[in-house]
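> predicted coordinates and the sequence they were generated for:
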Amino acid sequence: MSKLRDTYDHIQTERAKWIQGSLAKKYSINQEKRYVHPFHMFGNVWYVGDSWVCVHLIDTGDGLLLIDCGNCGATAMLVQAIWEAGFNPKDVKWIVMSHGHLDHIGGAIFFRRMFGTKLYLGEPDARDYREHPELSLIQESGNLADELFEPDYEIKDGDRIRFGNTDIQFYLVPGHTAGCIAAFFDVTEGEKTVRAGYFGGFGFNTMQKAFLDDIGDTKHETRKTFLKSLEKVRNQKVELFLGNHCTNNNVLERAKKLGENCKENPFLDDKAWGEFLDFKRDDMLKLMADPAQN
Ligand SMILES: [Zn+2]
C-alpha cells in the first residue's frame with residue numbers, strides 16, 4: 001500500500017466518522033438540491049436564496065446589496081442565482097449579515113476576496129467572532145478550511161445606513177444570537193412605495209436548555225432578551241416581510257402564486273410581519289413553560 005493510499009484511507013475514515021456525528025449531514029452536504037430559481041419580488045428586491053436559507057438582492061442603482069450570503073458551501077449556488085436573476089456577482093458591493101451563524105455567511109469571504117465586497121455584521125456577533133467563534137457554529141460547516149472574518153462595519157442599534165438609493169434603518173434584536181439585526185427600508189415599484197421589514201433570526205436552536213446551559217446562560221436570560229427584541233420591532237409598519245429562513249414568510253408558496261400571475265403581488269401583505277412575530281412570541285412562551293426546558 002502506498003503512503004498516498006494510506007493517507008486517503010485515513011482521511012476517508014475520519015471524514016465518514018465526522019459527517020456521521022455532525023450537523024453537516026443535515027445542513028451542508030448535498031445542498032444543491034435546495035437550489036431555487038431566483039425571482040423578482042417587488043421593486044428593486046430579488047430573491048436569490050435557496051429553499052432553506054433566504055438571500056435577498058437589492059439593486060440600489062449604485063451596486064448590489066445582499067442581505068445574507070447563503071449557507072457555508074453554497075457559494076456556487078448563490079453566484080449562479082445572481083447570474084440567473086440577470087445581475088453580475090462582481091457588482092455586489094455590500095453584504096449585510098442577518099447574524100453570524102454559518103448558514104448565513106457562506107459567501108462572505110469569497111465575495112470580499114473576489115470583488116472587494118464590504119461585509120456588515122451586528123456588533124455583538126463581531127465581538128463573538130473574536131471571543132467566542134464557536135457560537136458561529138462554523139465548526140459544523142463540513143469544510144475545515146472555512147473561516148470567520150473581521151467585518152468592515154459593525155452594525156449598532158439605531159444605525160441608519162445608505163446603500164445607493166436605499167436607506168436602511170437598523171436595530172439590534174438579540175436572542176437567536178447576540179448580534180441579530182432587524183432592518184427596515186422603503187421599496188418602490190412604479191407609483192407604489194412599501195416598507196420592507198426584516199428580522200434576522202428566529203430559530204430556537206440556540207435557546208434550548210442544553211445549548212444555553214452549555215454556554216453558561218444557566219438562567220436562560222437569552223429567552224427573555226429574545227421576547228424583548230420581538231416586542232421592540234413588533235409594531236413597525238411592514239408591508240413586505242422578508243424572511244430569514246423560507247418558512248418565516250412562506251417565501252416559496254408566495255413565489256408560486258407570483259408565478260401564477262395572481263392579481264395582487266403575494267409578497268405585499270401588511271399582516272404577515274405582526275402575525276409571525278406574535279407566533280414566535282407565543283411559541284417562546286410555550287418553550288419557557290415546558291418543564292423539560294427548565
Ligand atoms: Zn442562526
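That came in fine, so what should we check first?
> residues near residue 287, how many?
Neighbours of residue 287 under the rule other C-beta atoms under 10 Å: 18. Glycine gets a C-beta too; all of them are placed from N, C-alpha and C.
> my guess is it is in a strand, correct?
No: applying DSSP: H, G, I helix; E, B strand; the rest coil, one finds residue 287 to be helix, outside a strand.
> looking at it, it is touching residue 204, isn't it?
Yes: at 6.2 Å, residue 287 and residue 204 qualify as touching, with contact defined as C-beta atoms under 8 Å.
> what does the helix or strand of the chain with the lowest mean pLDDT contact?
Every helix and strand of the chain was ranked by mean pLDDT, DSSP states H and E. The lowest is helix 24-27, at a mean of 77. Helix 24-27 has contacts (C-beta atoms under 8 Å, 6 or more residues apart in numbering) with 18-19, 71, 102-103, 140-142.
> among the residues you listed, which ones are buried?
For these, a neighbour count by 16 or more other C-beta atoms under 10 Å gives the buried set as 71, 102-103, 140-142.
> flag whichever of the residues you listed scores worst on pLDDT.
Within these, the minimum per-residue pLDDT falls on residue 142 (83).
> make sure it is indeed in a strand.
No: according to three-state DSSP, residue 142 belongs to no strand; its state is coil.
> how much space between it and residue 37?
Separation of residue 142 from residue 37 (C-beta to C-beta, to the nearest Å): 25 Å.
> and what of residue 53?
When distance is defined by C-beta to C-beta, residue 53 is 16 Å away from residue 37.
> nearest residue to the middle of this protein?
Closest to where the C-alpha atoms of the chain average out (C-alpha atoms, centre = their mean) is residue 104, at 4.1 Å.
> that one contacts residue 68, doesn't it?
Yes: counting by C-beta under 8 Å, residue 104 touches residue 68, with 4.5 Å between them.
> all helices of this protein, in order?
Taking DSSP state H, the helices of the chain run over residues 3-21, 24-27, 75-84, 108-115, 123-131, 209-214, 221-234, 251-259, 272-289.
> out of those, flag the one nearest residue 168.
Residue 168 sits nearest to helix 221-234 of all the helices of the chain, at 13.5 Å, using C-beta to C-beta.
> could you give the angle of that closest one to helix 272-289?
Relative orientation of helix 221-234 versus helix 272-289 (axes from the mean of the first three to the mean of the last three C-alpha atoms, to 10 degrees): 160 degrees.
> tell me what helix 221-234 is packed against?
The contact analysis (3 or more C-beta pairs under 8 Å, 6 or more residues apart in numbering; DSSP states H and E) places helix 221-234 against strand 166-172, strand 181-189, helix 272-289.
> buried set for it?
Residues of helix 221-234 classed as buried: 222-223, 225-226, 229-230, 233 (neighbour count, 16+ other C-beta under 10 Å).
> go on, stretch 79-95?
Residues of stretch 79-95 classed as buried by neighbour count (16+ other C-beta under 10 Å): 79-82, 85, 87, 89, 92-95.
> and for stretch 21-40?
Within stretch 21-40, the residues that count as buried by 16+ other C-beta under 10 Å are 22-24, 27-28, 31, 34-36, 38-40.
> take those and lay them out in a markdown table including distance to residue 170.
Shown next, in a markdown table, are the buried residues of stretch 21-40 (distance: C-beta to C-beta, whole Å):
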| residue | distance to residue 170 |
| --- | --- |
| 22 | 33 |
| 23 | 29 |
| 24 | 31 |
| 27 | 27 |
| 28 | 28 |
| 31 | 29 |
| 34 | 28 |
| 35 | 30 |
| 36 | 26 |
| 38 | 25 |
| 39 | 26 |
| 40 | 25 |
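> re earlier: what's the overlap in contacts for residue 104 and residue 68?
53, 97-98, 244.
> how about these in CSV, adding pLDDT, neighbour count and distance to residue 149?
Shown next, in CSV, are the shared contacts of residue 104 and residue 68 (pLDDT from 0 to 100; neighbours: other C-beta atoms under 10 Å; distance: C-beta to C-beta, whole Å):
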residue, pLDDT, neighbour count, distance to residue 149
53, 97, 24, 18
97, 98, 26, 10
98, 98, 32, 15
244, 98, 25, 20
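> for those residues, which one is nearest residue 154?
Nearest to residue 154 among these is residue 97, at 10.7 Å by C-beta to C-beta.
> so that closest one touches residue 103, yeah?
No: judged on C-beta under 8 Å, residue 97 makes no contact with residue 103 at a distance of 10.9 Å.
> what's near enough to touch residue 142?
Shown in contact with residue 142 (C-beta under 8 Å, 6+ apart): 19, 22, 24, 27-29, 72-73.
> out of those, what pair is the most spread apart?
Farthest-apart pair in the contacts of residue 142 is 19 and 72; separation 14.2 Å (C-beta to C-beta).
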